Every structure is written in C-alpha cells, then in structure tokens.
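> Here is the input, now give the coordinates:
(2 chains)
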Amino acid sequence: MSWENNYLQFKSTSALDSIKASEKRQQSFDKFVVAGLPTRRDEAWKYTSLTDFKNIEWKSSEDSNEHLTHEQMQEVSKNLPSDFINFVFVNGILNKTLSDDFDSLIEVGELEENDFLRDEASVESRLLNLAQSFLNKKITLTVSKGKVIEKPVQILFVQSSKNSVYLSEKLNINLAENSEIKLLIHSMSFVNSTADAMNLNVNINVESSVRLTFVQLQNEDNSSFHFSQCNLNLATSAQVTTLALTLGNKLTRNYYQLNFNNEQASAAVYGLGVIDSEQHLDNYTFIRHAIGNNNSVQHYKSILSGSSHSVFRGRVMIEPNAQKANSEQLNNNLLLTRTAQADSIPQLEIFADDVKAGHGSTVGQLSKEEMFYFLSRGINQFEAVRMLSYGFAKELVLKIENPYLQSFLIAALNQKLERMVQNG
Amino acid sequence: MSESYEYKYGFSTDIETEEFPKGLSEEIIRMISAKKNEPEWMLEYRLKSYRHWLTLTEPTWAAVSYPQIDFQDLTYYSAPKAKPASATSMDEIDPELIKTFERLGIPLQEQKRISGVAVDVVFDSVSIATTRYEELDKLGVIFCSISEALKNHPELVKKHLGTVVPASDNYYAALNGAVFSDGSFVYIPKGVRCPIDLSTYFRINAKETGQFERTLIIAEEGSYVNYLEGCTAPQRDENQLHAAVVELLAFDNAEIKYSTVQNWYTGDKEGRGGIYNFVTKRGICKGKKSKISWTQVESGSAITWKYPSVILQGDGSEGAFYSVALTHDYMQADTGTKMIHIGKNTKSTIISKGISAGHSSNAYRGQVKIMPSAENARNYSQCDSMLVGDKASAHTFPYIEVKNKTATLEHEATTSRISEDQIFYLQSRGLNNEKAISMLVNGFCKEVFKELPLEFSVEAVKLIEMKLENSVG
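Numbers count the residues shown, from 1 in each chain, chains lettered A, B, ... in the order given. Okay, the predicted model is just below:
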C-alpha cells in the first residue's frame, strides 16, 4: 500500500480533536510527499541508506490491533523487573494489564497544534515529515517540583504485528525544578517477526537543578527499523546522563540534540552499539552550547561483527556567547570481522575563544597479545572475544549508576554478546 | 604598529602585458591553446574539460562564504609582453620583471647559485624563467614550465596529465583543465636523487585575472625530489581567483616532498580584496614503498579551499600532511587533507595546526579512508586549533571511514586559546605581549615547521610573527 493510501486510511481511523492539529498533520504529510525521505546525497545521511526502508510496503498502526499470545506475554514480562515502574505499549497502545498503576506520572493524551512544532532546518526534518503524519497521540511524563522518583521508570514499546507496521510515537517529558528521575525507554519485538519500523520522537524539558538519567535500549528484531530523535533543553545546574544502547534492529538512526540554554549545567552523552550481521547503526549528536560555563562529555563506542556498519557523527557547536564552555568527545570502534565497517565524523564548530574543546576517535581490532593470553590459559577463542568485548563495552554501562538499571542493561548486553560470538 | 609589518609584497609591477578579452568560451580556450602552440590532443583535453565544467555547479559545502564569482568577468590569459618563456639567458628578461622578483627575494640571477635552489618563476599566466637548467639536464632531470614540457616532452605530459586529478574531478579542476596556462613540470628519472631543491614561485600581477596553473611532478622508481612552492600577489581591492591543480606521481621507492609557503594577499583589515585560492592538490603513491609528503604554511589569501591529498595505492607506501594555517582579520580557510589507503601496510600521518585571530574562520576538513584491500593500514591524525581573540572561530570536520578490521586509526583534535598563565610567565621574564604570543604560536606550530626545508622554515616563522603582530591587539 502506498504512503498516500496509508495516510488516508490512518487519517480516517485516527482523527484528531483539534482542527489546528489536524491541519498541521496534513501539512506534514504534504511536505513529506514533496520532499521525500533523506538520501545519501544529504550530508547528514551520507553513510546511511534508507533504500531498504523504502522498499518495504508499510502499513499504518491502526489496522493491526492484534493481541499478544501467551508466550509473547511471558517474554515481555521477563523484561519487566519488579524494581522498576513499568509502562508497556503494545503496538502503540498502553497495555493496562502489563503496566504498573501509576497514573499521576504518565498520561496518554490528545495532540495539540504545538506538538507539531519543530526546527525546519534540522537534519531530521524530512524524517519528521513522515513521523508527524502518522501521529495520533502523545505520551506525557511529568515529574513535579522537588519530587525524587527512586525506582527506575521503564517505558517499553513492544511491536508484535504480523504486518509490516510503521509506528510513530511522541513522548514529552517535563521535569520540574529540582526533581530526579531515571528513565529507560526500551523497544523490543519478537524474534522472527516481520519487519517493523518505529519512529520515536522525545522532547525533554530539563528545568533547573534536575538530575536526569535517560537510557534508550534498542533491542528489536534484526529486521526492524528504528528512528529516534531526542531533544533535550537544559536549564541552570541541570545534570543529565544519557545512554543509547543499541543491540538489535536492522537499521537504527539516533539523533540527539542537547541545548545548553543556561549556565552551570552538565551533560554526559554516551552511546554503545553492539551489532553484527547486516545491522547498521547511525548515531548523530548535536551539542549546542548557546550559553557558556557548561560542561558536556560525549563517549560513543561500537563493537562491530559480521558485515555491520556503524556511523558516528558528533557535532559540537560553541556559540560566540558561550565562553568557558567545556566539551569533550570520544569515539572508539572495535572491529571484530573483516567485513565490518566504522565511520566516524567528529565535528567541532567553535566561535568563542575561552573554551576547552577536544575530540578523539579510534578504530582498531582486538590485540593479538590479549588473545594469546586468553588462549594460553585454555580459554577458547570465542570466549576470549566475548570477554574482551565485554571489557571494552562495560565502561559505558557502568556510567549508569542506579544498580537495578545497571544490572538490567548488563544482562541485555551479555545476552547480545553471547549470541554474537556464537554466530560469528 | 609600524608600516613595515604590512603586507610587503603588495606592490604591482607596471609592465606591458598581453591579455585576452574577459570571459570564457571555447573561442578563448582555442586562443590559449593556439598561443602556446599546443598539440591537437591538448586542445581536445581542454575542450573536454570545458564542456564538463559547463555541466557542473559551484560547490557550496565548504565553511566559507563569499559573493558569487562571475566567471565571465575574468581574464583567462595574461602574460608580460617581452617574450618571456623562451628566454635563454637572463639578459632577455624584462629588467622590470627581474626587479620585481628581486623585491620578492627570488634569486633569478644565476650568480645566486649559492642558495642551492633551482627556481621556476610563473608571472600571471606564464612561466618567466627557470634557473639552473643545465645542471639538472646532466642528470636527466627535467624541470621546466609545463608549456615547454608540452613542446619538448609531449609523450610524458600526455601519459600523466590528468591521471591523478582528472578534469571531471571537481568544479575548479575542470575549470583549470580548460584554461590552465602554465605551471611547472618535473620529471625525475629512475634512481636519481635530485641534488638541489626545486622551487616554483607564483605571482599574480594583472587585475581581474584568474591564475590557473598546473603542476605535474613525476618521480620514477627510486628517485627523490624536494619541491618548494611560494606565492604572492599585489594588494588590490577586487578579489582575484587562483585555481591551481597539482599532480604528483611517485613510483616504486620514490619520494616526493612538496612544501608550500603561501602568502597571497589576504585582503585589507575590513576584508576587502584578496585572493580566492581554490586549489586541487593530489598525489598518488603508485609504486611500492613510495612516499609523498605535503607540508604547507598557509598564511595568505582571503579564502582558502585546499585539500592536498594522497592516494596510497602501492603496498607499504606512506603519505604525510603537515600544515599550519593562520587566518586573521576577515580571512576564511577551509583546508585539510584526504588519505585514501588502498595498498597493504600503508601509513599516513596528518598534523594540522590552525590558528585563528581577528574575525577569521579556520576549518580543518579531512578524510581518512581505509579500503577493504588495505591490510594493516595505519593512520595518525592530530588537528589542533588555537584561538586568538574572541571573534575568531575554529572548526574541525574529520571524516573517518574504515572498511578493514586490521586498520589502526587514531584521531585527536583540540581547541584552546593561549592561557593567561603562559603569557604571564613569559612577560615576567621580560618579553612583551606580542613577543610572548608569537613565541607560543611558534611552539604550537613547531611540529610542522621542522618538516620544512631550512630556508622555508625560517621564512615561515617570520611570516607567522609578522602576521600575528598585525592582528594581536
């Protein structure tokens, strides 16, 4: 079914209350029809091709209100630790049975006109044309002033459709002054399911003195497509740690934009990709120091096996007024196989003189000495690769200090590494 | 600030020149070709380049901004009238020209042998004189202008011209392919180690003229050459265009060292005038264990757009890029390198130092590409930027593409300014502010300066000092 028919059907089944919002949605689709999807001719998409995505006949989410089977339910429950506050969305719909009852925190609401607002100049603009055309609701998470949520909060998106569904989600997160939250956005699908696609648009408003830990775990099936755009606005003295842990998916594109709008804030942006076979991961970060006296750290790592391909583009902009900004960036890539490929494009754009900014980038393989050490102690090659890879990756997961969240992520990482070594 | 710190090469030479009418057309290209008595295939090459150029659009991806260039408002050929290219003895050269080059400090007279350098001088579009011709001839080294090479060694030019930078490569390379007027040609035969440094000096004199020179250097098996290039232009309010192409070919075990000190007119304090320098420089390490190194000191031109690159095709070949780019006032530079690893055990080193002062903008843009065939490739890149003053900006855009797991790559970049502690330390030892800054900058650039031949490195240090004294308040 073409995008046009899809859109017409989607529009009729998920009408919006607000006329203005309806108009905006229509405009997004009109723009999509004219501009199309990004291609490799676009500088920001130079290393990522959407050809495979374009070749699939996507359906909109509304015609697939399928229920989970018993086995699937069990598999989902494994991903819902009791130490977390869990919210589960199955094919885009909040599943009350699996979710914890915590209504004051999260709300699924109607779209309004300004939910369609965005920066037209953004490199993801054309992707957002499509994403906004297929929006029918928004999820809002609010933490009130001074509130500290001790347990990690998980929002789990499960895709289980038998059709190839394109799902678009919008998540608005408002963190009031001096609040604290550890948030995990987890996406999964079932093994050997049909190709599915998801676009996750997250806007996080971080007010002054907020402590935020924001983790994305992308662990869908190897036929899935995952696009995400995270936009974080940081007020005074905000402290943010983010981690994008990518294990699954055929193609993943993560776009992170961090705006420092006031002084004294600090952000640590981490990313870890462990991918194999034909998987493709593209991380694009844009750290904007509009005001000075802020601190940003970025560290991205990838472990590549099979014919996988990882792209890291880290853009740091320090604007003329942002004196005394500090920015660090590091990208390490570990190639396990001959056919894996790593591209790294760190970009520094600096317009102020009293700043410290640096970036580093490395690509390499496991050292022969280290392998030899393991083999000489009777540990076989596969085990050695797994252990060394784990050692390489662990550092970033340990940055997430909450013990429950940390052990959950480590378990997911280890599962993937084991699978990868067995296949490779 | 004393007058002597101003751009001292800003004078223009009042000499009778022969110029073609403005504008670019097949007619003009035929005229250039006829003027130079070129063989038929050369004209064909030019026309093909021109036709391809017509299909291209001007690139806009570089981090520089400038008003649209009207390519029909430029003169594509300008030469001093007094029959220069065939001058056999120095007496036949216009004394006015000799004076010009003396003011520039270029020894045209043979008695200045002591400098130990053979010089080819290019004035606007044509080569004026090549010194120490005979001495090189004995060794079989060919060092002459490219027009002479077309006459005397057409087979060599035909075989190699456009093999490294084809006319279809980019917008300015295509334009250059169509209208290039002169440049240097170097051929080092098998096993010869060129005993003296070869040097070309480029000077743009005429108004509203584009200089399109073409340099071709061929180093046969086991040979070695050290090549230097210098350039200046008069101070004019309009912008002048310089779009050169440089091609280097190194065969088995050959080594080419190419050093540039670029000192084009940069425009005045408000950013009026100056040279637009859009250059394609590329070398190919064709043979095993061949080496190419680019060393450049960029302190000139209003806009620089230049990426000296190396294609590492031969197994065990090495490429290097050492660069200092200094921008001040309203200058804009977007410069860097490309290292394409194809052969096994290939190595490349990139050291780039950018200094931006005043309102200038300085960008490093580089690419390191490891192809699947490049086993055990090794790259080390370091790009440091220094900011002097709070209106300057510095950018880095490295592209790293790795398609072979045996590759080892390291890239690092830093941006900083001169710290107050460092200045204080030097001041407390009796150095004034300017001296202290220039000492720190020289230290910052030392890794690159040490790669330059001695004369050049002295010149480079002076040049940087002079420019900084202008721009540090």
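> And the pLDDT at B:C231?
We have a pLDDT of 69 for B:C231.
> Surely B:F278 touches B:Q240?
No: between B:F278 and B:Q240 there is no contact under C-beta atoms under 8 Å: 11.5 Å. (C-beta placed from N, C-alpha, C; glycine too.)
> Look at whichever residue of the stretch 101-250 of chain B sits closest to chain A and say how many residues are nearby.
Residue nearest to chain A within the stretch 101-250 of chain B (C-beta to the nearest C-beta): B:N170, separated by 16.0 Å. Using other C-beta atoms under 10 Å in any protein chain shown, B:N170 is surrounded by 17 other residues.
> How about the residues of chain A by chain B?
On the criterion C-beta under 8 Å from any C-beta of the partner chain, chain B has as its neighbours in chain A the residues A:43, A:47, A:320, A:323, A:333, A:335-365.
> of these, buried ones?
Burial by neighbour count, 16 or more other C-beta atoms under 10 Å in any protein chain shown: within the residues of chain A next to chain B this picks out A:47, A:323, A:333, A:335-336, A:339-353, A:355, A:357-365.
> Could you tell me which of those residues belong to strands?
Taking DSSP state E as the definition of strands, those contribute A:333, A:335, A:341-350, A:357-364.
> From chain B, how far out is the residue in chain A sticking out farthest from the centre?
Among the C-alpha atoms of chain A, the one farthest from their average position, using C-alpha atoms, centre = their mean, is that of A:S376, at 40.0 Å. Applying C-beta to the nearest C-beta, to the nearest Å, the value for A:S376 to chain B is 22 Å.
> Show the model's pLDDT score for that residue.
The score at A:S376 is 95. That number is its pLDDT.
> same thing with B:E221?
95.
> With B:P59 instead?
The model reports B:P59 with a pLDDT of 84.
> Then the one 5 residues further on?
Among the per-residue scores, B:V64 shows a pLDDT of 79.
> Could you measure from A:E177 over to chain B?
Look at A:E177 and chain B: by C-beta to the nearest C-beta, they are 33 Å apart.
> For that residue, grab the count of nearby residues.
17.
> With A:G248 instead?
Burial measure for A:G248: 23 neighbouring residues, criterion other C-beta under 10 Å.
> Also B:Y172?
For B:Y172, the count of nearby residues is 23 (other C-beta under 10 Å).
> For it, which three-state class applies?
helix (DSSP: H, G, I helix; E, B strand; the rest coil).
> same thing with the one 4 residues further on?
Reducing the assignment at B:N176 to three states with three-state DSSP gives helix.
> So, low pLDDT: which residues of the chain?
By default, I'm working from chain A. Scanning chain A for pLDDT under 70 picks out the ranges A:1, A:61-66, A:192, A:424.
> that's the wrong chain, I meant chain B
Counting by pLDDT under 70, chain B contains low-confidence residues at B:1-11, B:14-16, B:80-132, B:204-209, B:231-237, B:469-473.
> gap between the residue positioned nearest the centre of it and chain A?
Centroid-nearest residue in chain B, with C-alpha atoms, centre = their mean: B:T260, separated by 5.4 Å. Per C-beta to the nearest C-beta, B:T260 is found 25 Å from chain A.
> Quick check: that residue touching B:Y227?
No: B:T260 lies out of contact with B:Y227 (C-beta under 8 Å); the separation is 9.2 Å.
> Give the buried residues for stretch B:449-468.
B:449, B:451-453, B:456-457, B:459-461, B:463-468.
> so what strands line up beside the helix or strand containing the residue nearest to the centre of chain B?
Assessed by DSSP states H and E, B:T260 sits inside strand B:255-262. Paired strands of strand B:255-262, with direction, are strand B:224-232 (parallel), strand B:291-298 (parallel) (DSSP bridges).
> ranges for the strands of the stretch 1-150 of chain B?
With DSSP state E, counting those that start in this stretch applied, the stretch 1-150 of chain B shows strands at B:17-19, B:78-80, B:117-123, B:126-130, B:142-145, listed in chain order.
> Next, the contact list for A:A21, please.
If you count contacts by C-beta atoms under 8 Å, 6 or more residues apart in numbering or on different chains, A:A21 has them with A:110-113, A:115-116.
> nope, A:V88 is what I meant
Contacts for A:V88 were tallied using C-beta under 8 Å, 6+ apart; they are A:76, A:80, A:94-95, A:98-99, A:156, A:158.
> now do 6 Å
The neighbours of A:V88, taking C-beta atoms under 6 Å, 6 or more residues apart in numbering or on different chains as the test, are A:95, A:98-99, A:156.
> Name the member of the residues you listed with the most neighbours.
When those are compared by neighbour count (other C-beta under 10 Å), A:L156 ends up highest, at 22 neighbours.
> which residues does that residue bridge with?
For A:L156, the beta-bridge partners are A:V88, A:H186 (DSSP bridges).
> looking at it, it is touching A:I185, isn't it?
No: using C-beta atoms under 6 Å, A:L156 makes no contact with A:I185, being 8.3 Å away.
> what's the helix or strand for residue 421?
Using chain A. Taking DSSP H and E as the criterion, A:V421 maps to helix A:403-423.
> ah, no, chain B please
With elements delineated by DSSP H and E, B:D421 resides in helix B:420-427, which encompasses its position.
> Next, the angle from the helix or strand following that helix to helix B:420-427.
Counting by DSSP H and E, the next helix or strand C-terminal to helix B:420-427 is helix B:433-449. Using axes from the mean of the first three to the mean of the last three C-alpha atoms, to 10 degrees, the direction of helix B:433-449 lies 110 degrees away from that of helix B:420-427.
> For A:S296, grab the count of nearby residues.
Other residues lying near A:S296 total 25 when counted by other C-beta under 10 Å.
> Report the secondary structure state of it.
Of the three states, A:S296 takes strand under three-state DSSP.
> these two touch, right, it and A:S327?
Yes: between A:S296 and A:S327 a contact is recorded at 4.9 Å, counting by C-beta under 6 Å.
> Report how many residues lie close to B:R193.
B:R193 sits with 13 neighbouring residues when counted by other C-beta under 10 Å.
> what's the answer for B:E58, then?
One way to gauge burial is a neighbour count; for B:E58, by other C-beta under 10 Å, it gives 11.
> Name the nearest residue to it, sequence neighbours excluded.
For B:E58, the nearest residue in space outside its immediate sequence neighbours is B:Y171; the separation is 5.7 Å by C-beta to C-beta, 6 or more residues apart in numbering or on different chains.
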